[in-house]
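After the sequence you'll find the predicted model.
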Amino acid sequence: MKTVRNAILCAVVPLVCAMGTTHVQAQGIGHSGSYGPWWDSPVTMSMDKLSAQQKNDVVQIRSKMMQMTMEHEQAMAKMEMEFMQTMMDLQRQLMDVFRGH
């Protein structure tokens, strides 16, 4: 029984992996330009068809989005640093408690 199960697994696992690889290639996953920030995907139309005011609006909106992204990343980095500092302090306190015994 165990041998039959192992034989089936040896046959099915490569088949599933091959099907998954084929699916990924068919969907374009991993190809240039097929993924990215969520705001890049819907705004891929040509700027040539826009008026001067619309082009200006697009530039302003995109610069605001980039600014907000940078601010978000800076805030996350600051929170990460504070978290790491607090964790190191707590570990130091924990070591002090164990040294006391």
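Yep, it's here.

hey, let's count contacts and neighbours off CA atoms from now on
Noted.

For the host helix or strand of residue 97, what does the pLDDT average out to?
Assigned by DSSP states H and E, residue 97 belongs to helix 52-99. For helix 52-99, mean pLDDT rounds to 95.

Tell me which other helices or strands that helix touches.
Packed against helix 52-99 by the contact rule (3 or more C-alpha pairs under 8 Å, 6 or more residues apart in numbering; DSSP states H and E) you find no helix or strand.

So residue 49 versus residue 56, what's the distance?
Plainly put, residue 49 is 13 Å away from residue 56 if you go by C-alpha to C-alpha, to the nearest Å.

and what of residue 80?
If you measure residue 80 against residue 56 using C-alpha to C-alpha, the figure is 36 Å.

Domain boundaries for the protein, per the record?
1-31, 46-101 (automatic domain parsing).

With neighbour numbers in mind, choose between residue 49 and residue 56.
residue 56 (12 against 9; other C-alpha atoms under 10 Å).

Please report how far that one lies from residue 46.
According to C-alpha to C-alpha, residue 56 stands 14 Å off from residue 46.

Residue 52 too?
Separation of residue 52 from residue 46 (C-alpha to C-alpha) stands at 13 Å.

try residue 55
From residue 55 to residue 46 the distance is 10 Å (C-alpha to C-alpha).
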